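Trainee: no sequence on hand, only this structure:
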C-alpha cells in the first residue's frame, strides 16, 4: 500500500531518492516560482512499505479563500511538472495518481487540484475511476543521448542548410548572462508580437528573478546571435539540469530573420547540453517549426479535479486574461 506525506522543501533529499534528475524536480525551480509568483512549494513524498518511491512536485496558493494545488499552476512557464517516480512503480501510476489526489483533497484540504505530467497519456486516463477534467497538451521531445552527428541528421535539410548559411556569413552564437541579455530579448519579443499583431507580455521582471535564482546553480543556458553588421539580432533561453533540458523562449528581430540565427542558437544549445550529459530536450509546445528538429511528437494531459465548478470558472478567467494580454487595444486602455 502506498503512503503519502506532505513535506517541507527543506526535507527534500535528492541524494537519497535516486530518481530522474530534472530541473523541474529541484528546490531551486520551486524557489524561483515562489519568488516570482508568490507560490508555495508543495511536495508530496510517496512511499511503499516505508521505502521512498517518488515525489509529486507542485505549488499551492489560496485565492479568494480557495485552496489551490497545481503541478504546476497555470502560468508557471512550463506546462507540466508532476511526478518523479522510481521505474519499478511506474506500472502503478494510476493508483499513485488517485492516491495523491485523495490525499490532497482529504488530508490537505485542497479544493482545486491540477496535475500535468508526461505520464498522463490517453491510455492511462482510461484506467482512472474518478471524475476529472482533462486538457490536451502537445510537444516535441528530442533524444540527444546519442552522437551529435546522429542528432543533427534528424534536422530537416533546410534547417541544416540554415546553420551552414549563418556560419558562412560569419554569424556567431555566444553565451550571455548579463542584464542586457534580458533587455535585448524583451525588445526582440516585442518585435515578434508586433509582427503577429499582438501585445507583448513584459518579461523583464520574470527573467531578472530567474537569472538571480537559477544562474548561480548552473540551470540556465542563455545565448545571443551576432552578425558582422549588428549585435544581438536574436536570443534564446533554456532551462536544464540532470537528464533534461527545456526550451523556454526565443526571439529574433523581423529584419534579421533571413540571417537565419534561430537554428544555429538551437544547435549551439543542443551541443552544450550533450556535453553536460543531458539525455532529453523538450522543445515545449507543438509549434510547427519545432517538428523540423526531429523530435518525437508527444501528447499528454493535464488532469484537474475541483469542487463547486471552480475549474470552469478558472478556464473563463484564463481566456479573458489571454485576450487582455494579447490585445493591443486593451493594452492601450491599460496604459501599457
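Mentor: Now that the structure is in, tell me what you want to look at. Values in this document were obtained by computation on a predicted structure and should not be read as measured data.

Trainee: the nearest residue to residue 208 once chain neighbours are set aside: which element?
Mentor: The shortest distance from residue 208 to any non-neighbouring residue, by CB to CB, 6 or more residues apart in numbering, is to residue 182 (6.2 Å). C-beta: built from backbone N, CA, C; applies to glycine. Here residue 182, judged by DSSP states H and E, is contained in helix 179-195.

Trainee: contacts for that helix?
Mentor: If you take CB atoms under 8 Å, 6 or more residues apart in numbering as the criterion, helix 179-195 is touched by 199-204, 207-208, 211, 222, 224, 232, 234-235, 237, 249, 251-254, 326.

Trainee: now it: buried residues?
Mentor: 181, 182, 184, 185, 186, 188, 189, 190, 191, 192, 193 (16 or more other CB atoms under 10 Å).

Trainee: residue contacts, the residue nearest to the spatial centre of the chain?
Mentor: What sits nearest the mean C-alpha location of the chain, by CA atoms, centre = their mean, is residue 78, with 2.5 Å. Going by CB under 8 Å, 6+ apart, residue 78 touches 24, 72, 239, 246, 248, 284.

Trainee: go on, residue 174?
Mentor: 223, 224, 226.

Trainee: how is the chain divided into domains?
Mentor: Following the assignment in the TED database, the chain carries domains at 2-134+302-334, 145-278.

Trainee: sorry, back to before: what subset of the contacts of helix 179-195 is buried?
Mentor: For these, buried by 16+ other CB under 10 Å: 199-200, 203, 207, 211, 222, 224, 232, 234-235, 237, 249, 251-253, 326.

Trainee: with respect to residue 5, which of those residues is nearest?
Mentor: residue 211 (33.8 Å; CB to CB).

Trainee: the closest one against residue 220, yeah?
Mentor: Yes - counting by CB atoms under 8 Å, residue 211 does reach residue 220; the two are 6.9 Å apart.

Trainee: give me the common contacts of those two.
Mentor: Contacts common to residue 211 and residue 220, judged by CB under 8 Å, 6+ apart, are residue 177.

Trainee: pLDDT below threshold where in the stretch 201-336 of the chain?
Mentor: Low-confidence segments of the stretch 201-336 of the chain, defined by pLDDT under 70: 308-336.

Trainee: hmm, try it at 80
Mentor: 201, 307-336 (pLDDT under 80).

Trainee: for the stretch 51-200 of the chain, same thing?
Mentor: 75, 199-200.

Trainee: what about residue 157, how many neighbours?
Mentor: Residue 157: 8 surrounding residues under other CB atoms under 10 Å.

Trainee: which parts of the stretch 201-336 of the chain are strands?
Mentor: 220-227, 230-241, 244-252, 280-282, 296-306 (DSSP state E, counting those that start in this stretch).

Trainee: right, and those - which one's nearest residue 106?
Mentor: strand 296-306 (11.8 Å).

Trainee: okay, now the sheet partners of the closest one, with direction.
Mentor: With DSSP bridges as the test, strand 296-306 is paired with strand 112-117 (antiparallel), strand 133-143 (antiparallel).

Trainee: identify the residues contacting the residue lying farthest from the centre of the chain.
Mentor: Within the chain, residue 229 marks the point farthest from the mean C-alpha position, 33.8 Å out by CA atoms, centre = their mean. By CB under 8 Å, 6+ apart, the contact set of residue 229 is empty.

Trainee: residue 148 contacts residue 272, doesn't it?
Mentor: No - in this structure, residue 148 is not within contact of residue 272 by CB under 8 Å, at 11.0 Å.

Trainee: more crowded one of those two?
Mentor: More crowded of residue 148 and residue 272, by other CB under 10 Å: residue 272, with 16 against 13.

Trainee: now that one: closest residue in space that isn't a chain neighbour?
Mentor: residue 221 (5.7 Å).

Trainee: who does the one you found bridge with?
Mentor: According to DSSP bridges, beta-bridge pairing links residue 221 with residue 238.

Trainee: so how far is residue 28 from residue 21?
Mentor: Distance, residue 21 to residue 28, using CB to CB, to the nearest Å: 12 Å.

Trainee: between those two, who's got more neighbours?
Mentor: residue 21 (17 against 14).

Trainee: circling back: could I get the strands of the stretch 201-336 of the chain as CSV with distance to residue 86?
Mentor: Shown next, in CSV, are those (distance: least, CB to CB, whole Å):
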stretch, distance to residue 86
strand 220-227, 28
strand 230-241, 19
strand 244-252, 17
strand 280-282, 18
strand 296-306, 20
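
Trainee: nearest to residue 112, out of these?
Mentor: strand 296-306 (4.5 Å).

Trainee: what about the residue nearest to the centre of the chain, which SS state?
Mentor: Secondary structure of residue 78, reduced to three states by DSSP: H, G, I helix; E, B strand; the rest coil: coil.
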